[in-house]
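**Student:** model this:
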Amino acid sequence: MIKIISAISILSSLLLGVDGYEVYKKNCASCHIEIMKKAEMMKKFSTLKAPPMIQVALRLKENIIIRNEDEDVHRHLFMLFVKNYIENPSIDYIMCHPQAIDTFGVMKSIKGLSQEEKEAVAYWIYDRYEDVDFE
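**Tutor:** Next comes the predicted model:
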């Protein structure tokens, strides 16, 4: 089933002309480094603008808990959260470690993205860090 959803997201991106990685590079990469090792992050922590995207993705996946462990439902809830949080970040919904909140605060709202762009970047974030460890 997860392969079907991944295929649908890729097909949707092609049909809509929206590439989640391009949305990330244009709107997120200036603050969220795409990937870095945990040891490197700890060395550079005070110079980062925001947590690396790998840490954000893995933290969200860890904190979005569903009772029946259905991957499709988990993925859907992840997408809903990301699409909403991009435009409406709030301390009430933050899932970062307390140290990250103290250091970086709450993310600034990114206004002006279309639903397709928000969906494409949410899919990209979920898929990009599938089976990737933050070690």
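**Student:** For the chain, give me the ranges with low pLDDT.
**Tutor:** Along the chain, the parts satisfying pLDDT under 70 run over 1-16.
**Student:** Just the strands from it, written as ranges.
**Tutor:** For the chain, no strands are identified by DSSP state E.
**Student:** Pull up the gap between the closest residue to residue 55 other than its chain neighbours and residue 120, please.
**Tutor:** Spatially, and ignoring its direct neighbours in sequence, residue 55 is nearest to residue 134 (5.6 Å; Cβ to Cβ, 6 or more residues apart in numbering). All C-beta atoms are positioned from the backbone trio N, CA, C, and that covers glycine. From residue 134 over to residue 120 the distance is 23 Å, taken as Cβ to Cβ, to the nearest Å.
**Student:** for the lengthiest helix in the chain, packing partners?
**Tutor:** Within the chain, and with DSSP state H defining each element, the longest helix by residue count is helix 71-87. For helix 71-87, the contact count by 3 or more Cβ pairs under 8 Å, 6 or more residues apart in numbering; DSSP states H and E identifies helix 2-16, helix 53-63, helix 115-128 as packing neighbours.
**Student:** quick one: that helix to helix 115-128, angle?
**Tutor:** Between the axes of helix 71-87 and helix 115-128, defined by axes from the mean of the first three to the mean of the last three Cα atoms, to 10 degrees, the angle is 130 degrees.
**Student:** got the contact list for helix 71-87?
**Tutor:** 1-2, 5, 60-61, 64, 66, 93, 107, 109-111, 113, 115, 118-119, 121-123, 125-126 (Cβ atoms under 8 Å, 6 or more residues apart in numbering).
**Student:** still on that earlier bit, who has more neighbours out of residue 134 and residue 120?
**Tutor:** Taking neighbours as other Cβ atoms under 10 Å, residue 134 and residue 120 compare with residue 120 leading, 25 against 17.
**Student:** Surely the more buried one touches residue 26?
**Tutor:** No. Residue 120 is beyond contact range of residue 26, at 11.2 Å (criterion: Cβ atoms under 8 Å).
**Student:** Could you tell me how far the nearest residue to residue 33 once chain neighbours are set aside is located from residue 32?
**Tutor:** Distances taken as Cβ to Cβ, 6+ apart put residue 52 closest to residue 33, at 4.5 Å, once the chain neighbours are dropped. Residue 52 is 6 Å from residue 32, where distance means Cβ to Cβ.
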